[in-house]
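Q: Kindly return the folded structure for what I paste below:
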Amino acid sequence: MALADDLKTEAHKIFSTQWTSRDGQVAPEPEAVGLGNDSVGFDRATVLYADLTGSTRLVDGESWQFSAEIYKTYLYCAAKLIREEGGKITSYDGDRIMGVFIGKSQTTSAVRCALKINWAVINVINPALKQQYTASDYTVKQVIGIDTSPIHAARTGVRGGNDLVWVGRAANHAAKLTAIKNDGPTWITADAYNQLASPLGGSEKSAMFKPFTWNTMNKAQIYSSSWWYRIE
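A: All right, here's what the predicted structure looks like:
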């Protein structure tokens, strides 16, 4: 079959095939979801999206080795903390990482994870950077977005090169929140804020998060925090 015919056949198949969906209790592995129109649905899941700030300036102005060390250190700390808080790492995208949290306290776990990542950047990553590169004025900065909503996991790609795609507002909005570079490094939607336990770490959430208007997203209310959660 010619390549163009193959693409046309698959596009028609995807659009015309009825979806099958089953309820999920845990984040699935890619192999657990079929390559056809198969999905695993969740009444609610919380997505955390963590993103290094200024990575373009980093790779344009620093050596690839230095840039790689920044990427590796940040993503290692973020990944360890996502897992430590019970989240599932669902993707790496350059200088970004996405985690999905499922369960009764999912949003509290995701927000606590974000605050722990902020603590690690301030108290682990940047001190280690300054210790090794004493003449460098580079400082690691990052933004984390969190949202919660119904979501479906579907498998996408081709045989031998595929992964899960998470379809739902939470995945999209959590990623978009990382584009906000002012105020604190942790941004959450109103739905995530309303699901967040209070107190968290001994403090009321109203003291930890400041409300803002997300003008580019239909003036939705969102919340920002510069707080951290200490890691022992």
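Q: And the residue nearest the centre of this structure?
A: With distances taken as CA atoms, centre = their mean, the residue of the chain nearest its centroid is Tyr49 (1.7 Å).
Q: What are the buried residues along stretch 111-123?
A: Buried residues in stretch 111-123, counted by 16 or more other CB atoms under 10 Å: Val111, Arg112, Cys113, Ala114, Leu115, Lys116, Ile117, Asn118, Trp119, Ala120, Val121. In short, each C-beta sits where N, CA and C put it, glycine included.
Q: would you say the fourth one is within a strand?
A: No - secondary structure of Ala114 (DSSP: H, G, I helix; E, B strand; the rest coil): helix, not part of a strand.
Q: who touches it in this structure?
A: Listed by CB atoms under 8 Å, 6 or more residues apart in numbering, the contact set of Ala114 reads Leu48, Ala50, Ile144, Ile146, Thr186, Ile188.
Q: quick one: Leu177 and Ala50 touch, right?
A: No - using CB atoms under 8 Å, Leu177 is not in contact with Ala50, being 10.6 Å away.
Q: can you list residues touching both of the two?
A: Val143, Ile144.
Q: So which of these two has more stuff around it?
A: Ala50 (30 against 24; other CB atoms under 10 Å).
Q: That one pairs with what?
A: Ile97, Ile144 (DSSP bridges).
Q: again, but for Tyr92
A: Under the criterion used (DSSP bridges), Tyr92 bridges to Ile97.
Q: Surely it touches Tyr74?
A: No - contact between Tyr92 and Tyr74 fails when scored by CB under 8 Å: they sit 11.1 Å apart.
Q: Looking at these two, which is more packed in?
A: More crowded of Tyr92 and Tyr74, by other CB under 10 Å: Tyr74, with 24 against 13.
Q: For the longest helix seen in the chain, give the mean pLDDT please.
A: Longest helix in the chain by number of residues (criterion: DSSP state H): helix 64-84. Average pLDDT, helix 64-84: 96.
Q: Show me what that helix packs onto, helices and strands only.
A: strand 38-52, helix 55-61, strand 88-93, strand 96-101, helix 106-120, helix 126-132 (3 or more CB pairs under 8 Å, 6 or more residues apart in numbering; DSSP states H and E).
Q: could I get those as a markdown table with mean pLDDT and distance to Ile222?
A: Formatted as a markdown table, these follow (pLDDT from 0 to 100; distance: least, CB to CB, whole Å):
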| stretch | mean pLDDT | distance to Ile222 |
| --- | --- | --- |
| strand 38-52 | 94 | 14 |
| helix 55-61 | 90 | 23 |
| strand 88-93 | 92 | 22 |
| strand 96-101 | 96 | 18 |
| helix 106-120 | 97 | 13 |
| helix 126-132 | 96 | 26 |
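Q: mind checking which of the ones you listed is nearest Glu69?
A: helix 126-132 (8.2 Å; CB to CB).
Q: burial measure for the closest residue to the residue nearest to the centre of the chain other than its chain neighbours, as a count.
A: Leaving aside its chain neighbours, Tyr49 sits nearest to Ala174 (4.1 Å; criterion: CB to CB, 6 or more residues apart in numbering). Using other CB under 10 Å, Ala174 has 29 neighbouring residues.
Q: Are we agreed that Ala174 is in a strand?
A: No - assignment of Ala174 by three-state DSSP gives helix, placing it outside any strand.
Q: sorry, back to before: double-check the residue nearest to the centre of the chain against Thr178; I have them as touching.
A: Yes - Tyr49 is within contact range of Thr178, at 5.6 Å (criterion: CB under 8 Å).
Q: what is in contact with these two at once?
A: Arg96, Ile144, Gly145.
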